[in-house]
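> Fold the following, please.
(2 chains, ligands or ions: 2)
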There are 2 protein chains.
Amino acid sequence: MDFDPTTHPHRRVNPLTGEHILVSPHRTKRPWLGQVEPPSSPNLPQYDPACYLCPGNSRSGGQKNEQYTGTFIFENDFAAVLPPPGPAAPPAPHPLLTAEPVQGGCDVICFHPRHDLTLARLALPDIEKVITEWVNVYKSRGRQEHVKYVQIFENKGAIMGCSNPHPHGQVWSLSAIPTIPAAELSNQRQYANSNTATSSAPTGPKGRPSLLCEYVHYELTVPESEGRIVVKNEHWVALVPWWATWPFEIMLLPHHRHVPSIAHLTPAEKASFADALSRVTKRYDNLFSCSFAYSMGIHQRPTPPPADQSEQEALEDEENIGHLHLHFAPPLLRSASVRKFLVGFELMAEAQRDLTPEQAAARLRACSEVHYLDAIGKEEGPGEM
Amino acid sequence: MDFDPTTHPHRRVNPLTGEHILVSPHRTKRPWLGQVEPPSSPNLPQYDPACYLCPGNSRSGGQKNEQYTGTFIFENDFAAVLPPPGPAAPPAPHPLLTAEPVQGGCDVICFHPRHDLTLARLALPDIEKVITEWVNVYKSRGRQEHVKYVQIFENKGAIMGCSNPHPHGQVWSLSAIPTIPAAELSNQRQYANSNTATSSAPTGPKGRPSLLCEYVHYELTVPESEGRIVVKNEHWVALVPWWATWPFEIMLLPHHRHVPSIAHLTPAEKASFADALSRVTKRYDNLFSCSFAYSMGIHQRPTPPPADQSEQEALEDEENIGHLHLHFAPPLLRSASVRKFLVGFELMAEAQRDLTPEQAAARLRACSEVHYLDAIGKEEGPGEM
Ligand SMILES: [Zn+2]
Ligand SMILES: [Zn+2]
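Ligands and ions are numbered 1, 2, ... in the order given. Next comes the predicted model:
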C-alpha cells in the first residue's frame, strides 16, 4: 500500500517548535451535522462614538485618543506587565516551584481612524503606515534597557474574544523571551549549527543554513497544484505550512534573502510586505464571505540590532539567526460560523487536524483577491497568484 | 520592594512541560465591561430520543446502541486514526518535511444511561463503574500490538465544542506517544535521573525521585489558606497547580504512593478516586451554578504493564517513572458565560493568566460539595476539605 497524505492518518513534525501534529485526512469525508448560518452583514459605522479606539474618544482609563489620521499608538491602560523597577526574584519555596519577576510594557496600535476598515480593506499606503508603526515600536521598546523581547500581534474577531472591530493590534514587550519564540529561536539556532546540507537557499549569519529560508526555498520548487503556497510576490511568500495546526493557518515570510527582523526591511521589501498582507487578508475574508477572525503574531530577532550595526557586523551577528515570519492562526473551519475547537485530545495530547495543509492551500488559492464587499459591480475573477 | 505573587507580574515554570506561564495578578483589579448572563436552567430529559448516545438509539453510522444500564463503550464511527495495516512510511520530500504514518483506534465511553447526569451528579458506585471501564480499555487497547499510547479524555460542554450533554468520554489509542505526554514523560524521567534531593516523598522505580510525588508532598505542607489544594481524601489530592494555565485548572493525583497507571490502583484507591472525582466536579458546577465545561485527560504510563508483572519487577520498571495524574482544563473565567480565550499573545508567545492559582484554589475551596441542583431543601454549608 502506498502512503497517500490525503487518505492515510499520519503525523507531521513542526521543526520550529519540535512538536507533532496528527493529520486525519480521511475524516474530511464524514457528514457534517452542525448548523451553518449565513454571514452577518457587516454594517459598521465609519466612526463609533462608543468605541474606545476611534479618534477623539475617551478610553476607560479616562485618557482621550488623539484626533489621529494615520496610525495611533498608546500604552495599554490594563497592561499585563508593568515597567521597572520591579521587586527582586523571590527565593523559590521548592525547586519545583519557581517564579521570576517580569517587567515590560504593553502598547495598542490603532491601524486606521476608520472604525469599519480592516487590513483586508485598507489601501496599500495605509498598510505601509502600519508596518512603519511596527518598526518604530519594535525599535523604541526593543532598545529599552530591560526589554529582552518585543511581541507584535493582532487579535481579530469576536470569536477570538476581541469584541471591538476597530482595526488594531498589540505589542507586549517583556524582560524575558516567551516560551514559543524561545523554542523557535532555539531550533533555528540548532539548525544553523547542524551539518544539514544546504541547498542554494539564502543563508543566515556566517553563511550558516537558515531553517526557514531552506524551507521556503523547497516550497518554491513544488508544483503549484500540489503545493502549499497561497500568495507570492517579489519578496514575500504566504503559505500553509507543512506542519500547520489551524485549518487555514498561514505563515508569511520573505523568500529572497534571510531577514532577521522588520527593522532590516528595505523600502522595496516593506512595500512588498504591505502587498502580501493585503492579499492574504482579502483571501481570508473571501473564503467564507466574512470578516475573517485570526490571531497574528510577528516572530523575529528578539530585539532590534544596534542602530549603527554595519552590514559586515550583521553577517556575523548570532542574534540574527532567526528569520522574520508572521503566523496567522484562524479558528474558522467550514463557514463563517463553524469553528475549530482546540479541546479534548488536542489540549491533553497533541494538535490534530482533518483537512490537510495542501487542501487548505488549494481552497485559499481559489479565493479572489478582490474583497467581497468591494466586488459589487466589479468582475470577480479568480485571484492572480 | 518585596516580591508579592498577588501583586507583581511574574513567570512560573511548568516542570512537566518545561513551558512558562506569565502571571499578571494586578490585572484582576481592572473593571469588567462584558455582559454576565444568568445561568441557563438545565432542563434535560433523562432520555432523549434524538441523542446518539442514549441506550437503544441509532448512531449516524447506522449502528444501534445497546440497552445499556451501566457504562457502554463503542468504537467511534469517525475515528481520527485507523487500525493497521497502514502504508509504510513515505520518503520525506525534504528533511524539514517529515510525515510518519500513525495507526490506532478511537473509542467512545458512555458514562451512564441517563442523558441528564454528569460525573458531578452520579452516585459513587456509578463513578467507580466509569473508572473500571477506563481500566478495561486502557488494558485492552494498550495491549494491542501496534498501540504505544492510550489517551483517555473527556470533553464536556457546548463551549468546548461538545454539543451532546449525554455524559461520555473518549479514548484515542495510537501507534506513537503524542507531543504533550511525551514531553511530560521525558521531564519526569529526567527528574528521576537527576541528583535532585529527595524529601520523604514516595519514590518511583528503583527508589528514584518522582517529580509529581515530590511536588504533591510539598503542597501538603503548605498551610491551607495559602495553598493550592482544593480536595483531599485518603489517597488523592486535587489542586490548582503552581503552573496552572487555565483560570480554574485542576490536577488530580494520588499522594500516598507513586502510582504509574490506573491499572495499578487497588480497590481502596479506586474508591478514593471516585470520591475525589465526584467532589471536584461538584465544586466545579457550584462555582458558577452551571454544568461546568472542561477538557479532562488522564496522563499515565503510555500502555499498561505486562499482565504478570510482579511487585519486584514493577520497582525496577523504567516505564513506571510517570506518576498517574488527571488534568482538568476549564475555559470559564468569571461566570457561566464569561470564558477565557487562548488567543493573541498566548497563541503567539506564552500562556498568560490574571487570577493566581492560589486565588483560584481559594475560590474552589469556598464552594460547597453539595451539587447546586441537589441542594434545594438541604442545608448548604461550606464543603469539607
Ligand atoms: Zn514563529
Ligand atoms: Zn500530564
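
> C-alpha only now, for contacts and for neighbours.
Noted.

> All the helices of the stretch 51-200 of chain A, residue numbers only.
A:124-142, A:179-192 (DSSP state H, counting those that start in this stretch).

> which intervals of chain A have sub-threshold pLDDT?
A:1, A:29-42, A:197, A:376-385 (pLDDT under 70).

> gap between the residue nearest to A:Gly227 when sequence neighbours are not counted and A:Glu219?
Excluding the flanking residues, the one nearest A:Gly227 by Cα to Cα, 6 or more residues apart in numbering or on different chains is A:Glu358, at 6.1 Å. Separation of A:Glu358 from A:Glu219 (Cα to Cα, to the nearest Å): 12 Å.

> hey, what's in contact with both of those two?
Common contacts of A:Glu358 and A:Glu219 (Cα atoms under 8 Å, 6 or more residues apart in numbering or on different chains): A:227-228.

> Next, format the helices of the stretch 51-200 of chain A as TSV and append distance to chain B and mean neighbour count.
TSV is the format used below for the helices of the stretch 51-200 of chain A (distance: least, Cα to the nearest Cα, whole Å; neighbours: other Cα atoms under 10 Å in any protein chain shown):
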stretch	distance to chain B	mean neighbour count
helix A:124-142	16	19
helix A:179-192	5	19
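
> starting at the chain centroid, how far to the helix or strand hosting the residue nearest to A:Gly227?
Here A:Glu358 sits within helix A:357-365, counting by DSSP states H and E. Distance, stretch centre to chain centre, for helix A:357-365: 18 Å (Cα atoms, centre = their mean, to the nearest Å).

> Within range of chain B, give me the residues from the stretch 251-385 of chain A.
A:295-297, A:327, A:329, A:341, A:343-345, A:347-350 (Cα under 8 Å from any Cα of the partner chain).

> Flag every residue of the stretch 51-200 of chain A that's near chain B.
Checking the stretch 51-200 of chain A against chain B by Cα under 8 Å from any Cα, the hits are A:78-82, A:86-90, A:94, A:96-103, A:151, A:153-155, A:160-161, A:172, A:178-181.

> tell me the SS of the residue nearest to A:Cys367 when sequence neighbours are not counted?
Closest residue to A:Cys367 apart from its sequence neighbours, by Cα to Cα, 6+ apart: A:Arg283 at 5.5 Å. Secondary structure for A:Arg283, judged by DSSP: H, G, I helix; E, B strand; the rest coil, is helix.

> so what's A:Arg283 up against?
Taking Cα under 8 Å, 6+ apart, one finds A:364-365, A:367-369, A:371 in contact with A:Arg283.

> let's go with 10 Å and repeat that
Neighbouring residues of A:Arg283 by Cα atoms under 10 Å, 6 or more residues apart in numbering or on different chains: A:120, A:230-231, A:289, A:292, A:363-372, A:383.

> Keep only those of these that are in strands.
Mapping the contacts of A:Arg283 onto strands (DSSP state E) picks out A:230-231.

> Out of the contacts of A:Arg283, which end up buried?
Buried subset of these (neighbour count, 16 or more other Cα atoms under 10 Å in any protein chain shown): A:120, A:230-231, A:289, A:292, A:364-372.

> how about the strands of the stretch 201-350 of chain A, start to end?
Listed in chain order, the strands of the stretch 201-350 of chain A (DSSP state E, counting those that start in this stretch) span residues A:229-232, A:236-239, A:250-254, A:294-299, A:325-329, A:332-335, A:338-339.

> Next one: the second one, is it in contact with chain B?
This means strand A:236-239. No. Judged by Cα under 10 Å from any Cα of the partner chain, strand A:236-239 stays clear of chain B, getting no closer than 14.0 Å.

> State the number of residues packed around the closest residue to A:Asp77 other than its chain neighbours.
Nearest non-adjacent residue to A:Asp77, counting by Cα to Cα, 6+ apart: A:Gly61, 5.9 Å away. Neighbours of A:Gly61 under the rule other Cα atoms under 10 Å in any protein chain shown: 12.

> any idea how far the residue lying closest to A:His325 once chain neighbours are set aside lies from B:His94?
Leaving aside its sequence neighbours, A:His325 sits nearest to A:Leu253 (Cα to Cα, 6+ apart; 4.5 Å). Going from A:Leu253 to B:His94 by Cα to Cα gives 19 Å.

> Who has more neighbours out of the two?
A:Leu253 (26 against 11).

> ok, so of the contacts of A:Arg283, who is nearest chain B?
Within those, the smallest distance to chain B is 14.6 Å, found for A:Phe292 (Cα to the nearest Cα).

> and that closest one, what does it touch?
By Cα under 10 Å, 6+ apart, the neighbours of A:Phe292 are A:118, A:120, A:156-157, A:159, A:281-286, A:330-332, A:336.

> Touching, A:Trp242 and A:Phe248? I think so.
No. Contact criterion Cα atoms under 10 Å: A:Trp242 and A:Phe248 do not qualify, at 11.7 Å.

> Show me whatever sits in contact with both of those two.
Residues touching both A:Trp242 and A:Phe248 by Cα under 10 Å, 6+ apart: A:356-357.

> Show me which of these two is the more surrounded one.
Using other Cα under 10 Å, the more surrounded residue of A:Trp242 and A:Phe248 is A:Phe248, with 26 against 22.

> that older thread, could you dump the strands of the stretch 201-350 of chain A into CSV with distance to B:Lys129 added?
Shown next, in CSV, are these (distance: least, Cα to Cα, whole Å):
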stretch, distance to B:Lys129
strand A:229-232, 51
strand A:236-239, 48
strand A:250-254, 45
strand A:294-299, 42
strand A:325-329, 40
strand A:332-335, 36
strand A:338-339, 34
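
> and of these, who's closest to A:Asp308?
Evaluated with Cα to Cα, the strands of the stretch 201-350 of chain A place strand A:294-299 nearest to A:Asp308, the distance being 22.4 Å.

> mind listing what the closest one pairs with, with the direction of each?
strand A:149-156 (antiparallel), strand A:325-329 (antiparallel) (DSSP bridges).

> got the angle for it vs helix A:124-142?
Put simply, strand A:294-299 runs at 50 degrees to helix A:124-142, going by axes from the mean of the first three to the mean of the last three Cα atoms, to 10 degrees.

> okay, the angle between strand A:294-299 and strand A:250-254?
30 degrees.

> List the residues that contact the closest residue to chain B within the stretch 101-250 of chain A.
Residue nearest to chain B within the stretch 101-250 of chain A (Cα to the nearest Cα): A:Pro101, separated by 4.1 Å. Taking Cα under 10 Å, 6+ apart, we find A:Pro101 in contact with A:81, A:86-90, A:175-176, B:3-5, B:8-12, B:22-23.

> out of those, which are buried?
Counted by 16+ other Cα under 10 Å, those give A:81, A:86-87, A:175-176, B:3, B:5, B:8-12, B:22-23 as buried.

> would JSON lines of these with distance to B:Val237 be doable?
What follows is those, written out as JSON lines (distance: Cα to Cα, whole Å):
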{"residue": "A:Val81", "distance to B:Val237": "33"}
{"residue": "A:Gly86", "distance to B:Val237": "35"}
{"residue": "A:Pro87", "distance to B:Val237": "33"}
{"residue": "A:Ser175", "distance to B:Val237": "35"}
{"residue": "A:Ala176", "distance to B:Val237": "33"}
{"residue": "B:Phe3", "distance to B:Val237": "28"}
{"residue": "B:Pro5", "distance to B:Val237": "23"}
{"residue": "B:His8", "distance to B:Val237": "28"}
{"residue": "B:Pro9", "distance to B:Val237": "28"}
{"residue": "B:His10", "distance to B:Val237": "26"}
{"residue": "B:Arg11", "distance to B:Val237": "25"}
{"residue": "B:Arg12", "distance to B:Val237": "21"}
{"residue": "B:Leu22", "distance to B:Val237": "25"}
{"residue": "B:Val23", "distance to B:Val237": "24"}
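
> and of those residues, the nearest to B:Arg143?
B:Arg12 (37.7 Å).

> So what's the gap between stretch A:261-276 and the chain middle?
On Cα atoms, centre = their mean, the centre of stretch A:261-276 falls 15 Å from the chain's centre.

> then it to PDB, C-alphas only?
Presented in PDB, the C-alpha positions along stretch A:261-276 are these (Å, rounded to 0.1, in the frame of the first residue of the first chain):
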ATOM      1  CA  SER A 261      13.600  41.400  11.700                       C
ATOM      2  CA  ILE A 262      11.200  44.100  10.300                       C
ATOM      3  CA  ALA A 263      14.000  46.600  11.200                       C
ATOM      4  CA  HIS A 264      16.100  45.100   8.400                       C
ATOM      5  CA  LEU A 265      13.500  45.600   5.700                       C
ATOM      6  CA  THR A 266      14.400  47.800   2.700                       C
ATOM      7  CA  PRO A 267      11.700  50.200   1.300                       C
ATOM      8  CA  ALA A 268      11.000  47.700  -1.500                       C
ATOM      9  CA  GLU A 269      10.600  44.900   0.900                       C
ATOM     10  CA  LYS A 270       8.200  46.900   3.000                       C
ATOM     11  CA  ALA A 271       6.100  47.700   0.000                       C
ATOM     12  CA  SER A 272       6.100  44.100  -0.900                       C
ATOM     13  CA  PHE A 273       5.200  43.200   2.700                       C
ATOM     14  CA  ALA A 274       2.100  45.500   2.500                       C
ATOM     15  CA  ASP A 275       1.000  43.900  -0.800                       C
ATOM     16  CA  ALA A 276       1.300  40.400   0.700                       C
END
